[in-house]
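S.K.: Fold the following for me, if possible:
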Amino acid sequence: MATSQTNTSPSGMKAASVVARRGLPPIALERRWPVLALAFVSYLLSTRLFEPAAIQPVGYVVFVPWIVAVCLSSRRGWSYLVSLLLGVAFWATHGSWLYEVSPLVYVFTVVSLGAQFLLVLWPMRHLYRRRGLGLTVVFPIAWTAGELFRMRGSLGLPLCQLAHSQVRFTTVIQIADLVGALGVTFVVAMVNGLLADLVVHLLASRRAGRVWQSSPRLMVYWLVVLVVLGATVAYGRARLAFDGTTAGPRVAVVQSDISILFGDATSVPISHPVPAADDEIDRWWRQKGQDRMANVRLVYLQLLEDAAQTAPDLLVLPESVWSMELNREFRESALGDPEQRAYMQLQHEEFLRLVRRYNAALVVGATSIEFRPPGDFPSKSIYNSAFSYRPGAVEPDRYDKTCLVLFGEYLPFRDSARFFWLYRFLNDASWNPWGHGGTEYVLTPGREYTVFSLPVRGPERRYFRFATAICYEDNLAWQYRRFVVDSNGRKRVDFMLTISNARLFGLGNQQAQHLVDCAFRAVENRVSIARSSDGGISGFIDSDGAWHDLVGCSDDCLKPGGVGYRVAEARIDPRISPYSRFGDWLAWVCLGLAVAAILDAVVGSWRGRSRHR
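M.R.: Below you'll find the predicted structure:
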């Protein structure tokens, strides 16, 4: 590693004086290649950061080479360029599944998320080089703030947080019910920062001709980190020792490997036998030339039949299992295709019969259509919905997905008179796999977080409360809290469901990443979760974040795909977590400090230029 003891530029002398004030001679990386090489080491380590290829201890050292390189480099511009390259490589690897959505969306996402590393570097480098704060302090603040920033908004992606590398260390992640997944990120990042401080100190000691020179400040950092880690482990053990959960309903989750996209089956092959059938709904599909859609329906009905033999209280099908519009407003409307409405009525009645036959509730993902007054645009509101059929009820309860995915479920500017042309351009563009060809696919968001009621068989009539997050919604920690607690901070559900159409995006690493993120929702809100996905990974997660009874794979090896069902008991956790009430308060504090650091850097730069003039 090429280091230098002097730097004659004014900025270099001022930055180097930070190390000198610690009683050691200043050091700096003058050449470009060591910075690039160290960043590449961090990239290689990051490839083993997340499931299904995770090595959990890597999370505590993964960014140490990059931190040391960019903070010691005397070339500020080169540090930013290398950091951008590292960010792009990081997301190009962990977000590779987005390529199946659209190559253009993939490139845009990789570059925009890669810029997160620049937002981390700016306050970190300023606070370290200009204000003399240790990396133990500045890196966790900057990285946690960067994760919060890139998670929020329409273009946010909550997957691949540093905390996710620790999901199998269940003792460590229990603090998520206090500070969320971003709080776990803060603790792991603090260890990275401490090790970076140690490396810098060792290099400085070596430059001074010593093996080691004592540093009171570094000893304080060691003590702080040890206290934080010790408190984290102690709290985690206390939470894991909790024995107040009680038995809940038996839930059956169904999984196939077939994806349905807006009324038509994708090219994914049906890899399991299709049962024989000759009913009115089956004939309707085949008369329309939709043999494959008919086969998809038969496969899921057979899986339901098999799962029902275990006498569950609740059967759960994935999101968008086959083309259906089940809401009453559509079925009883005088608008639309009469033949289609008649078919949907038959499908609705079939689900009622299944519920009576199995004496169990049924949750299924489908579409809701509500026609709007003549002359309105669009002519109808389309919702991505979850329907809950209960024994004895003639109509299902319904939840409409509240948080839609940009470019996947909606496009901007649809309701803008000035920029409506841009909406049309985005909808009809050749790179848009959903809207290309003139299809109007944009959905309408729901307005409330519906809680369903589940009656359970037995000598005493019992009811459980649950809500259903649809696909991406269980990635959004700040939204998930609204399912669990009401505005007064009271717990409004006993357990949660997630239904997903994840097979639409292939069978890449995102399936395991989605399960991991969902596990943090369970810990944050102290609620058990049952997941049903058409491509995986379906199964159950307890309120301590441990998953079990996965479809198609073992608990240790997270492999997407597979066909089947699993039945397990949903455990009821009565605890109301601080995170459910207060959210990401620690992360917001970090973001505020990072913004303050950036403003300090801007003001300092402006004053420096003024003095120079």
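S.K.: residue ranges for the strands of the stretch 351-500 of the chain, please.
M.R.: 361-371, 380-389, 397-400, 452-456, 462-470, 495-500 (DSSP state E, counting those that start in this stretch).
S.K.: Contacts for the fifth one next, please.
M.R.: Defining contact as CB atoms under 8 Å, 6 or more residues apart in numbering, one finds that strand 462-470 is touched by 248-249, 319, 363, 365, 384, 386, 388, 399, 401, 449-456, 480, 483-484, 492-500, 570, 572. Placement of C-beta: from N, CA and C, glycine included.
S.K.: If we use 7 Å, what do you get?
M.R.: Strand 462-470 is contacted from outside by 248-249, 319, 363, 365, 384, 386, 399, 401, 449-456, 480, 483, 492-499, using CB atoms under 7 Å, 6 or more residues apart in numbering.
S.K.: just so I know, which of the strands of the stretch 351-500 of the chain lies nearest residue 151?
M.R.: strand 462-470 (16.3 Å; CB to CB).
S.K.: that older thread, for the strands of the stretch 351-500 of the chain, give me TSV that also has distance to residue 109 and mean neighbour count.
M.R.: Listed next are the strands of the stretch 351-500 of the chain as TSV, based on distance: least, CB to CB, whole Å; neighbours: other CB atoms under 10 Å:
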stretch	distance to residue 109	mean neighbour count
strand 361-371	25	23
strand 380-389	21	22
strand 397-400	26	21
strand 452-456	34	18
strand 462-470	21	21
strand 495-500	19	27
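S.K.: Show me where the stretch 101-250 of the chain dips below the pLDDT cut-off.
M.R.: 154-155, 209, 211-212 (pLDDT under 70).
S.K.: Which stretches in it count as helices?
M.R.: 103-114, 116-129, 135-151, 170-173, 176-207, 216-240 (DSSP state H, counting those that start in this stretch).
S.K.: Please apply the same query to the stretch 501-613 of the chain.
M.R.: 510-525, 578-582, 585-612.
S.K.: Point out the most buried one among the ones you listed.
M.R.: helix 510-525 (a mean of 26; mean count of other CB atoms under 10 Å).
S.K.: got the contact list for stretch 412-424?
M.R.: 411, 442.
S.K.: Just the buried residues of that stretch, please?
M.R.: Neighbour-count burial for stretch 412-424, counted by 16 or more other CB atoms under 10 Å, picks out 413, 414, 423.
S.K.: Could you measure from the most centrally placed residue in the chain over to residue 390?
M.R.: Nearest residue to the geometric centre of the chain (CA atoms, centre = their mean): residue 475, 3.2 Å. In this view, residue 475 and residue 390 are 28 Å apart by CB to CB, to the nearest Å.
S.K.: ok, now residue 447?
M.R.: Following CB to CB, the distance that separates residue 447 from residue 390 is 22 Å.
S.K.: The two: which is more packed in?
M.R.: Taking other CB atoms under 10 Å, residue 447 and residue 390 do not tie; residue 390 has more neighbours (19 against 9).
S.K.: How many neighbouring residues does residue 376 have?
M.R.: Residue 376, neighbours per other CB under 10 Å, totals 10.
S.K.: List phi and psi for it.
M.R.: phi -80, psi 150 (degrees, to the nearest 10).
S.K.: Confirm for me that residue 94 is in contact with residue 50.
M.R.: Yes. Judged on CB atoms under 7 Å, residue 94 makes contact with residue 50 at a distance of 6.4 Å.
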